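Sharing a sequence plus its predicted fold:
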Amino acid sequence: MPFSDLVKNLLNDVNTQQVGAQQSIQELASGQADSLQGVVLNVAKSDLTFRLLMEVRDKVIASYQEIMRMQV
């Protein structure tokens, strides 16, 4: 699987988690949420997935910068 596909999948996962967390928060605010624990869990999953994306981004940027510093 190409790296670009992995990044696309990660972006899709992050988006899905973010949308789910936002929906859970809206349900909680409107009184439709079943449990506070479920909302907190969805928000925590969303946060963790987003942090993973940021770590991958930072590593890709650092790798690119290292390659650009190499002498040919």
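Great, that's in hand. Numbers count the residues shown, from 1 in each chain.

secondary structure element for residue 58?
If you go by DSSP states H and E, residue 58 is part of helix 36-69.

counting contacts, what elements does that helix pack onto?
When contacts are defined as 3 or more CB pairs under 8 Å, 6 or more residues apart in numbering; DSSP states H and E, helix 36-69 packs onto helix 3-30. From N, CA and C alone the C-beta is placed, and that goes for glycine too.

Could you find the closest non-adjacent residue to residue 25?
Closest residue to residue 25 apart from its sequence neighbours, by CB to CB, 6 or more residues apart in numbering: residue 39 at 6.4 Å.

can you tell me which residues contact the residue most central in space within the chain?
Taking CA atoms, centre = their mean, the centroid of the chain lies closest to residue 50, which sits 2.6 Å from it. Residues near residue 50 by CB atoms under 8 Å, 6 or more residues apart in numbering: 14, 17-18.

Report pLDDT for it.
Note on residue 50: pLDDT of 94.

Look at the most far-flung residue of the chain relative to its centre and report its pLDDT.
The outermost residue of the chain, judged against the average C-alpha position, is residue 72 (36.1 Å), by CA atoms, centre = their mean. The confidence metric pLDDT takes the value 78 at residue 72.

Let me know whether residue 33 touches residue 39 as I believe.
Yes. Shown here, residue 33 and residue 39 form a contact pair, counting by CB atoms under 8 Å, at 5.4 Å.

any residues in contact with both of those two?
Joint contacts of residue 33 and residue 39 (CB under 8 Å, 6+ apart) are 24, 27.

pLDDT below threshold where in this protein?
Within the chain, no stretch has pLDDT under 70.

Try it again at 90.
Scanning the chain for pLDDT under 90 picks out 1, 3, 6-7, 33-35, 71-72.

so residue 32, which of the three states?
Going by DSSP: H, G, I helix; E, B strand; the rest coil, the secondary structure assigned to residue 32 is coil.

Number the chain from 26, please
All right, first residue 26 from here; so that's residue 57.

how close does it get to residue 66?
Taking CB to CB, to the nearest Å as the measure, residue 57 falls 16 Å from residue 66.
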